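>>> Okay, predicted coordinates and the sequence, questions at the end:
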Amino acid sequence: MFEGFTTADIDAGGTTIHTVYGGSGPPLLLLHGYPQTHVIWHKIAPRLAERFTVVATDLRGYGDSGKPPSDADHSAYSKRTTARDQVEVMAALGFETFLVAGHDRGGRVAHRMALDHPQRVTKLAVLDIVPTHKIFSTVTKEIATGYYHWFFLIQGGGLPETLIGHDPEYYLRTKVKQWGGGMEAFTEEALNEYVRCFSDPACIHASCEDYRAAASIDLKHDEADMDHKVRCPLLALWGEKGLMERHYDVLATWRERAADVRGRKLRCGHYLPEEAPEDTLAELIGFFTE
């Protein structure tokens, strides 16, 4: 799916990050979401590589990246720690500054990265999210129903790990179908790769830790930064069939947290790079080359 790309497991200090990279031009980091891997970019990464040096990674705890032990405050899976991994990967590849596009959880990592490392991130694209703090502070019955997994995955005692681990393929395929409005946009090759990675109990646990961090230490970090805005230009894209469109003024919400915001909705559900690859590609190229 990434023909012509180089594959590497890069030491990021606290763990190893599985990485594919290729192309030429300005460096562009692509970050995936839950419950996927870097493979979500497979429809557009080769074409982005015609204009950019594309780096697509598995976040810590996901895919073939390392899965460090969790800790009591979930800091091992905080967005701050995960963002630092990605900065280290880019530095290891020789890139001190770079462009970033993040979908879902990857967008949340990218948001934190732009706040913690403003000298590194030159432009930021976030796909189908509003800030984590905004969602937790505006939860309604409808949002909690659509994002029920946020509250399921943070439960302790191994409850979500045990239930998901009983049939991880069923769980993953059901989530993708629900959020994507069907399965037509997803290749079986990509789905099989998601299932392979997500069937690892360590991945299931790490992904729960990601959400536990979001509901605890990440909120503390966000609250400490409420007076700080993302300084670089920010592109927000979202699906017209998704929860963001139904419940938020996405651009207005991001303008609360960033100084220079633009974007639009695309005709798809949650998984923009797979459901609407042509529109997603065009928007990213236009934003990152202007």
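Great, that's in hand. Numbering: from 1, shown residues only.

>>> and the residue minimising distance to the centre of the chain, what element?
Nearest to the mean C-alpha position of the chain, counting by CA atoms, centre = their mean, stands G106 at 1.6 Å. Here G106, judged by DSSP states H and E, is contained in helix 105-116.

>>> which stretches of the stretch 151-290 of the chain have low pLDDT?
Along the stretch 151-290 of the chain, the model assigns pLDDT under 70 to no residue.

>>> Going along the chain, name the helices of it.
159-166, 168-180, 188-198, 201-214, 217-224, 243-247, 250-255, 272-275, 277-289 (DSSP state H, counting those that start in this stretch).

>>> which one of these is the most hemmed in?
helix 272-275 (a mean of 26; mean count of other CB atoms under 10 Å). Yep, even glycine has a C-beta here, placed from its N, CA and C like the rest.

>>> With distance to G23 added, can I get the helices of the stretch 151-290 of the chain in TSV?
Formatted as TSV, those follow (distance: least, CB to CB, whole Å):
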stretch	distance to G23
helix 159-166	35
helix 168-180	27
helix 188-198	20
helix 201-214	28
helix 217-224	32
helix 243-247	29
helix 250-255	28
helix 272-275	16
helix 277-289	12
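
>>> ok so, going back, show me what the helix holding G106 is in contact with.
Outside helix 105-116, the residues that touch it by CB atoms under 8 Å, 6 or more residues apart in numbering are 29-34, 59, 79-80, 82-84, 86-87, 100-102, 120-121, 124-129, 131-132, 210, 214, 218, 221, 225, 228, 230-232, 234, 257.

>>> Got a quick PyMOL command for the buried subset of these?
Buried residues among the contacts of helix 105-116 (16 or more other CB atoms under 10 Å), as a PyMOL selection:
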select buried, resi 29+30+31+32+33+34+59+79+80+82+83+84+86+87+100+101+102+120+121+124+125+126+127+128+129+131+132+210+214+218+221+230+232+234+257
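
>>> The contacts of helix 105-116 in helices, which ones?
K79, R80, T82, A83, R84, Q86, V87, T132, D210, A214, D218, H221 (DSSP state H).
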